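1. Could you look at this predicted model? Sequence included:
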Amino acid sequence: MSCSLCRLPYTPSTISVAPRWPPPGVLSEKQILYLKHAFGAGQYVVGLALEMVNMGLSSTQCSLQPRPDQPSDNNNFAVNNAAIVVNIVWETNSKTLLTFHLHCATILRHQLGLPDDSPVNLIELSLLEQIVGPTMDRLHAGRLPDFNYEGVLGAADQSRIDIESLWSKEGDSRPDFDWLEWQRRGLDWTAVRPDVFPRFRPQVAPTRISSLGALPESAEDIITIQPLDVLHVLLPYLDNRSFVNLLSTCRTLRHQALTIFQPHSRKRVLELGWAVPTDVEYAEFVKRNPPPPVATSPTTPTSPTEHKAGEAESGEESTSIQPWTDELDFSLVAMSHPKHSPFDADWFLYLSQVHRTQAMRCRRWVWALAKELTRIYHDKRAAGPYGDVLEGDGGRTKSPAWKRHAQTASQQLMIRGILLSTRKGEKNMSW
Ligand SMILES: [Zn+2]
């Protein structure tokens, strides 16, 4: 089974029957644990739109206790965190459910403008398969048609990211993924969690400035003798690499990069789009690392470690976006935010780091995939029966087909509520 956004497989879970594990050492234990999770949505997903886990059972196995003598064909998910065990078949009748790794889903849902679990968002998400699908079958099971996955980072050969060609198939078996070839081609970074952000420093570390030492009293090079106004005009014309390189060339410019030019770096970080967390990711981080109250803020950021928006094992229900409160000092959150993070935070350091880590490399790619799928979704939705109907006064209403779908989907939403409800004192089943 594979993700319809990044095309990488779901890893098996420990209770899979005859699981197909990646060769030892190819993925870390954390990656194996994390990549078994999926978010699925659609009319055939019991509960409409929810988190699932790869169970690796065959489509003929519906019993709760799979029999070891039955072969697995890696075609089932179980609903995660549900009050009862529910298996969902991935591929039937030559098409698959639309499923995504959790981080792929978060980024895609952000792009689609459907980030939280409101009923209308879940109904719209369940329409995705009908608008952009159905998926392809056999060797390309899970792949969406009309989607140039490989070219999202550019048409040039060196920009092509080809995961698809690593799937192969023998006889009647399900496609298998060639992890060793994936590794040999240097594609390891595509399975790094793209929601692990470089540490963001809301204040420039004093040592970063003091380590520059005394600034030279006079300079002779052509750049540093320019009035600041000229530099302010020049900087926006540079690409990010040249910008970081130029401001790293001498002590005077480094000092300016860490002080008065921070807003330039900030603008660049925000323009990248993928370099800052989505609202959902930010809210998850803040939930785990609450900032101090406004009045008693310490002078150091809230968290000294790496900034993972999601949980490694992701056993929790998805977080809804939190309303911000004025009582907490969000300017000290150690994660970048367009409104909350100070203008003079260390955006320069952050800008140079987001271009260096594997996680951010992966994020830029998943972001581009999500953007392209969103474009396809908007085009196809507008042209098909689910597109909004334009009213005479310029307003928009849902189409009759959308409303019919919403009626059916509302029953599934009820089932979703039952599945995810918890009985007092009992814990739902997570895998
Ligand atoms: Zn994925």
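-> It's in.

2. which residues of the stretch 51-200 of the chain fall in helices?
-> In the stretch 51-200 of the chain, helices defined by DSSP state H, counting those that start in this stretch lie at 102-112, 119-132, 179-184, listed in chain order.

3. Those helices: which one's closest to S210?
-> Minimum separation from S210 across these (C-beta to C-beta) falls at helix 102-112, 38.0 Å. For every residue, glycine as well, the C-beta is placed using N, CA and C.

4. In the stretch 301-431 of the chain, what residue comes closest to the ion?
-> Closest residue of the stretch 301-431 of the chain to the ion, C-beta to the ion: V366 (6.9 Å).

5. Please verify my assumption that that residue contacts C3.
-> No: here V366 does not reach C3: they are 9.7 Å apart, not a contact under C-beta atoms under 8 Å.

6. and for the two, which residues touch both?
-> Among the neighbours of V366, those also in contact with C3 (C-beta atoms under 8 Å, 6 or more residues apart in numbering) are C104.

7. Specify the next element, helix or strand, located C-terminal of the lowest-mean-pLDDT helix or strand in the chain.
-> Ranked by mean pLDDT, DSSP states H and E, the weakest helix or strand in the chain is strand 307-308, scoring a mean of 61. Beyond strand 307-308 in the direction of the C-terminus, DSSP states H and E gives the next helix or strand as helix 347-354.

8. what's the distance between that next one and the middle of its chain?
-> 20 Å (C-alpha atoms, centre = their mean, to the nearest Å).

9. Average pLDDT for it, rounded please.
-> Within the predicted structure, the mean pLDDT of helix 347-354 is 96.

10. Any buried residues in it, and which?
-> Within helix 347-354, the residues scored as buried using 16 or more other C-beta atoms under 10 Å are 347-354.

11. Run through the strands of this protein in chain order.
-> 37-41, 49-54, 76-79, 87-89, 91-92, 95-96, 98-101, 167-168, 176-177, 196-197, 307-308, 389-390, 396-397 (DSSP state E).

12. neighbours of the nearest residue in space to E164 that is not next to it in sequence, just the number please.
-> In this structure, E164 finds its nearest non-sequential neighbour in R7, 5.6 Å apart by C-beta to C-beta, 6 or more residues apart in numbering. Residues within reach of R7, counting by other C-beta atoms under 10 Å, total 24.

13. Isn't R7 up against D162?
-> No: counting by C-beta under 8 Å, R7 stays clear of D162, with 9.0 Å between them.

14. Could you list the low-pLDDT ranges of this structure?
-> Low-confidence segments of the chain, defined by pLDDT under 70, span residues 17-18, 57-73, 171-172, 218-224, 295-326, 431.

15. Could you break it into its assigned domains?
-> Taking automatic domain parsing as the domain assignment, the record places the domains of the chain at 29-195+367-420, 199-358.

16. Burial-wise, tell me which of those comes out on top.
-> Per residue and on average, the most neighbours among those fall to domain 29-195+367-420, with a mean of 17 (mean count of other C-beta atoms under 10 Å).

17. that older thread, can you redo the helices of the stretch 51-200 of the chain as CSV with distance to L235?
-> What follows is the helices of the stretch 51-200 of the chain, written out as CSV (distance: least, C-beta to C-beta, whole Å):
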stretch, distance to L235
helix 102-112, 29
helix 119-132, 40
helix 179-184, 40
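
18. For the ion, find the nearest of these.
-> Set against the ion and scored by C-beta to the ion, the helices of the stretch 51-200 of the chain come closest in helix 102-112, at 3.4 Å.
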